[in-house]
Each structure stands twice: as C-alpha cells, then as structure tokens.
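Undergrad: just to be clear, the model below is a prediction. Sequence and coordinates:
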Amino acid sequence: MSADRNISRRRFLRVAALGAGGLALAACAPAAPAAQQVVEVTREVKITSEAQQVEVTRQVEIQVTSTPAPEGPRTITVWGSGLDLMQIDKDPTKTGAAMVAHKAAFLAKNPGTTIVWEDHGWDEALRQNVVTALLAGTQPDVIVGENFFQQYASLGALLPIDDALKQSPKVLDNSIVGTHKAAIYDGKHYGMSWISGCFGFEANPNVLRDAGLKEEIPATWDEMLAVAQTVSEKSKGEIGGYSLQGPLGFSVGGMFRLAVYMQQLGSTLNKADNPFQPNFDDEKGFAAWEFVRKILPYTPKGLVFESDEGKVYSQLFAGKSAMQMAGSWHVGWAKDSGLKNAIYGAIPVPAGGKPASYVVGNVIYGALSASKVADLAVDWIITSQDASVQDNVFKSGRLPSTKGSIELLLKDGNVDDATKKFGGLLKDSDLGILPQWNKEPNKLNTIWNDLFTSVLTTDTPIPALAGDAQKKALELLGAA
C-alpha cells in the first residue's frame, strides 16, 4: 500500500522549538521476505552536538549466508539500547548477553534482515537528535528512550502496537505494567520496556553504627528525619544524614526522586486525567515540600545544588552520608566504590501515605510511524519481551521488565539479596512515571525546579510558592 511519509517541516519545527504541534505520519507494513544474506551492523555513534547529526566512529559486521530472496534485502535501523552497544561484541555472554539474545531472536523470525543498531545519546540529547532526524528525513525505524513517548504518540509520530499485542496476548500479560506505562497514551500502547529499574532506599551501615543507630532502613519519614538529624549532630556536621539532590535548570534528577515522595502522598506532577497538564499546586503534595525543608539542614554540605549527580550519591559510599534514595544500579555502584555492605529496602513512607516507587533506568522501544519497515519495527519491540532476552537482562546489571523473568531472578541462588529487593520492588510497587509534557517541556521542568529552589532558599509558605509555579506553567502553556 502507499502512504504519505512527508513531514511538514514548519509543523515539526514548531515541535522542535516548543514540544508541541501535530504530525500526520502514516506507515505501511510490507510482507516479510524470504531468507537471504543476513548482515548485522553495530555502530557506536558520537554525538557532535545535542541537535546536530551524528558521526559513526566504529562499525562491526557479522555475516551469515543463507538462501537469497527475490525481493531483495530489507534493513531496520534501531536507535540505541540503553546499554553500551559495543558489549554485544566485547562481552557477548555477560553484559552483552541480552542484546545478543535480542538480535538472535529477531533474526530467527525475520531472516534476511539487515540490522543497523546505533547509539544517539539519552534524554534531552536523544530527543533533539530524534527531532533533527525527522526533519532531515533520516529517522530510524525504532527509537529508544525513557521519556517523551506520550508526547511523540500525541503528535502521531509513533505506531500503536496494540494489534501485535492482541496477536501475542501473553506479552502484555507478562509485562510489569509500570515499566511500559510511559508508552501508553489515550488507551493505546506505543512501546514496551526491555530493561528496567526502580527506586528503593540505601544506607551505609557503618555510618549508622558509628552514630549509635540501628543498621537498618527507616520505615517512615519521621524515622528517616530522626536518623538524619542524629548522624549530622553526632558528626558535628561532617557527615550528612541524607543525600538530597536539588534543582538544576530543566534537569529531572531531583524531580525524579521527590516525585516518589509525592506519589506516596497520592500526588502526581501532572493532572491525573491529563498527562500534559501541570499539577504543581496539588495540596496533597505539600507535605513532601515541608519534609524537604525539615531534612535540608542534615544533608551533606554544599551538595544540594551540585550539578554532577554522581558526586551527590557517591558521598554515601565514601562514608560522608548515611541514607539516600537509590536506583537498582546502586547495588553494583556501591560495591565498585568500596562499600561492600550497603543495605537496601523500601522507601520510607509518610504518615497517612502509601508505599510507592518510580521506574528509573527504564528503557523503552517504540516504532516511528514514518518507518518504511513497520512490521519489522513493531516486531523488534515484541521480540524485546521474549524470555530468551529478558532472562539475560540481569547479566547487564539491570532488571528485566517481565514478571516471568523477575520471578526467575528472585528464585536464583546466584543473585544477591540486594538486587532481589529491587526486583521485588519493581514487581510489586505502585510505580510512577514522570510527566511527558507535549508543550515547552524544558521550560515546564525549569518552573518546577525554580519552585524547588524557592522551597530550599526561602521560608515563603508552600501553598504560595506552589500556586505561583502553577500560574507560571499555565501562562506558559497558554502562550505556546
């Protein structure tokens, strides 16, 4: 069938500048060809600037010859994996094992396909590279990311995969809902997570012991505050009781973690019925801001406004902080940093609140509607859920996104208890996701971070600060 694949440059330039607009993108699904020569190409790509094209710095080719097909070869271009793509060549049985399994399972179903697998950065750099490629007509067939999928779907830039999921109902049944929640828009699915993670809580037991405290994770916010105060006071301020990542520009590191506390209170940063509508003045979340003010005096000196996230959280490994919110990758990070006995558990819960977490380090694949090989693009996503792929994810230091593979991990005698705790949290928690603004995403994040700054640096009542932030956000959207 024929389809109009041309993107309105004027309209998409508006998307690039504002994060808003609309795309009229269609896709067609050509029939799968017979087997032919298989060439798998892996590329390591260097980003020359956030919004510019990219430079290929290395290429590896693996050839397998089979029966040629009369239709000729087909190519699928995939952007990124969330892992170092070179591990597929350097360490195929461990850190690259899930990628090797993904490639093998996909080619088994789609012989005669050329796979071009590239890394185009992450977060904002990745978003800008996607926009640039769409404008230039050099877009891939499959994109990867942790955010922006609802925004892309609202613009018509992604293919819904619901028909494919209906044909393979066990795929959706086996997926942990929170891991692909960010790719659900208007009741349709636009992607699936292939590697995941979530937030839990981490403590340095040596710091707790030296302060005369129990070597355990606090159960409540009140207990956390008391521990932080004791550690700080007994060390005469030399050791922080709690690592607090503060605001910085439009970055979402601090937002990610504070959003977990707000989720525990039943508050989200966007309206519950609209993923693109800010909810900065939700009074249910005010207690989280008040708690930030209470614990601020007991945080490591000079780190609240540190721009390097690694410096903020590595203080705990060095014995300069007692507790912090932690992603599932912290288990290996702590050990590699010399802290062999870090302890982990669920995030402390506020009075009247509920247990909750957020997915983080959660890597989703989505198919662009401009793809010329739509059937292959969708099948790449479906194949990411294959047991042969998911069962190998842990070897990369990440968590799988499916219930079956998490259950295997929890039963595996070779998996450490700390990782199993994160696996249990991923499987059982009320998992939240950050909002994916479809207009002015960076400016909205900046407004939220400015609110965070005011909370930390003034004693202005929280309702007034939150109300002002909400007003600015709505005025921004009205002008966009």
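TA: Sure thing, it's come through. Numbers count the residues shown, from 1 in each chain.
Undergrad: quick check, Lys181 in contact with Leu434.
TA: No: with contact defined as Cβ atoms under 8 Å, Lys181 and Leu434 do not form a contacting pair (10.7 Å). Yep, even glycine has a C-beta here, placed from its N, CA and C like the rest.
Undergrad: those two: who's more crowded?
TA: Relative neighbour count places Leu434 above the other of Lys181 and Leu434, with 20 against 17, counting by other Cβ atoms under 10 Å.
Undergrad: partner strands of the strand or helix carrying Phe201 and their direction?
TA: If you go by DSSP states H and E, Phe201 is part of strand 199-203. Strand 199-203 pairs in its sheet with strand 321-327 (antiparallel), strand 343-345 (antiparallel), by DSSP bridges.
Undergrad: list the buried residues for the helix or strand that the longest one is followed by?
TA: Going back to what we said before, that points to strand 321-327. Under the assignment DSSP H and E, the closest C-terminal helix or strand after strand 321-327 is helix 330-336. For helix 330-336, burial by neighbour count (16 or more other Cβ atoms under 10 Å) applies to 330-331, 333-334.
Undergrad: ok, so of the residues you listed, who is nearest Lys214?
TA: Checking the buried residues of helix 330-336 against Lys214 with Cβ to Cβ, the nearest one is Ala334 at 19.4 Å.
Undergrad: confidence score at the nearest residue to the closest one once chain neighbours are set aside?
TA: Nearest non-adjacent residue to Ala334, counting by Cβ to Cβ, 6 or more residues apart in numbering: Ala342, 4.2 Å away. At Ala342, the model reports a pLDDT of 98.
Undergrad: Ala342: how many residues sit nearby?
TA: 20.
Undergrad: could you save the strands paired with strand 199-203 as TSV and add columns showing distance to Trp79 and mean neighbour count?
TA: TSV is the format used below for the strands paired with strand 199-203 (distance: least, Cβ to Cβ, whole Å; neighbours: other Cβ atoms under 10 Å):
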stretch	distance to Trp79	mean neighbour count
strand 321-327	23	26
strand 343-345	33	19
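Undergrad: and the buried residues of helix 330-336 as JSON lines, adding distance to Gly156 and pLDDT?
TA: Putting the buried residues of helix 330-336 into JSON lines (distance: Cβ to Cβ, whole Å; pLDDT from 0 to 100) gives the following:
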{"residue": "His330", "distance to Gly156": "38", "pLDDT": "95"}
{"residue": "Val331", "distance to Gly156": "40", "pLDDT": "95"}
{"residue": "Trp333", "distance to Gly156": "39", "pLDDT": "95"}
{"residue": "Ala334", "distance to Gly156": "43", "pLDDT": "97"}
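Undergrad: now do Leu476 against Lys395, distance only.
TA: 44 Å (Cβ to Cβ, to the nearest Å).
Undergrad: next one: Leu465
TA: Taken as Cβ to Cβ, the span from Leu465 to Lys395 is 46 Å.
Undergrad: in terms of neighbours, single out the busier of those two.
TA: Set Leu465 next to Lys395 and count neighbours by other Cβ under 10 Å: Leu465 wins out with 21 against 16.
Undergrad: farthest-apart pair in the buried residues of helix 330-336, please.
TA: Maximum pairwise distance among these (Cβ to Cβ): 7.2 Å, between Val331 and Trp333.
Undergrad: ok, back up a step: relative to Pro461, which of the strands paired with strand 199-203 is closest?
TA: With Cβ to Cβ as the measure, strand 321-327 is the member of the strands paired with strand 199-203 nearest Pro461 (25.8 Å).
Undergrad: and the helices in the stretch 101-250 of the chain, which stretches?
TA: For the stretch 101-250 of the chain, the helices defined by DSSP state H, counting those that start in this stretch occupy 123-136, 149-154, 162-167, 169-174, 177-180, 205-210, 221-234.
Undergrad: Three-state assignment for Asp380, please.
TA: One thing to correct before we go on: residue 380 is Trp, not Asp. Secondary structure assignment for Trp380 (DSSP: H, G, I helix; E, B strand; the rest coil): helix.
Undergrad: what comes up buried for stretch 269-277?
TA: 269-270, 275-276.
Undergrad: nope, stretch 181-194 is what I was after
TA: So, applying 16+ other Cβ under 10 Å, buried residues of stretch 181-194: 181-185, 189-194.
Undergrad: closest one to Leu399 out of the residues you listed, please.
TA: Ser193 (9.9 Å).
Undergrad: thinking the closest one is in contact with Gly361, fair?
TA: No: Ser193 is not in contact with Gly361 according to Cβ under 8 Å; the separation is 10.2 Å.
Undergrad: wait, what's in contact with the spatially closest residue to Ala228 that is not a sequence neighbour?
TA: Leaving out its chain neighbours, the residue that sits closest to Ala228 by Cβ to Cβ, 6+ apart is Gly241, at 2.6 Å. Going by Cβ atoms under 8 Å, 6 or more residues apart in numbering, Gly241 touches 227-232, 295, 298-299, 321-323.
Undergrad: what about Gly241, distance to Ala211?
TA: For Gly241 relative to Ala211 (Cβ to Cβ), the value is 9 Å.
Undergrad: and for Asp281?
TA: To Ala211, Asp281 is 38 Å away according to Cβ to Cβ.
Undergrad: these two: which has the busier surroundings?
TA: Asp281 (20 against 17).
Undergrad: separation between Val227 and Val312?
TA: The gap separating Val227 from Val312 is 19 Å, by Cβ to Cβ.
Undergrad: what of Met99?
TA: According to Cβ to Cβ, Met99 stands 30 Å off from Val312.
Undergrad: looking at the two, which one has more neighbours?
TA: Met99 (28 against 23).
Undergrad: any idea which element that one lies in?
TA: Assessed by DSSP H and E, Met99 sits inside helix 97-109.
Undergrad: chain center to that helix: distance?
TA: How far helix 97-109 lies from its chain's middle: 22 Å, per Cα atoms, centre = their mean, to the nearest Å.
Undergrad: same check, this time on stretch 293-301
TA: Between the centre of stretch 293-301 and the centre of its chain there are 27 Å (Cα atoms, centre = their mean).
Undergrad: send the alpha carbons of it over as CSV?
TA: Only the C-alpha atoms of stretch 293-301 are listed here, as CSV (Å, rounded to 0.1, in the frame of the first residue of the first chain):
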residue,chain,number,x,y,z
ARG,A,293,12.7,21.8,54.4
LYS,A,294,13.0,19.8,57.6
ILE,A,295,15.7,17.5,56.3
LEU,A,296,17.7,20.1,54.4
PRO,A,297,19.9,21.0,57.5
TYR,A,298,21.1,17.4,57.7
THR,A,299,22.3,17.0,54.1
PRO,A,300,26.0,16.9,53.0
LYS,A,301,27.5,20.3,52.9
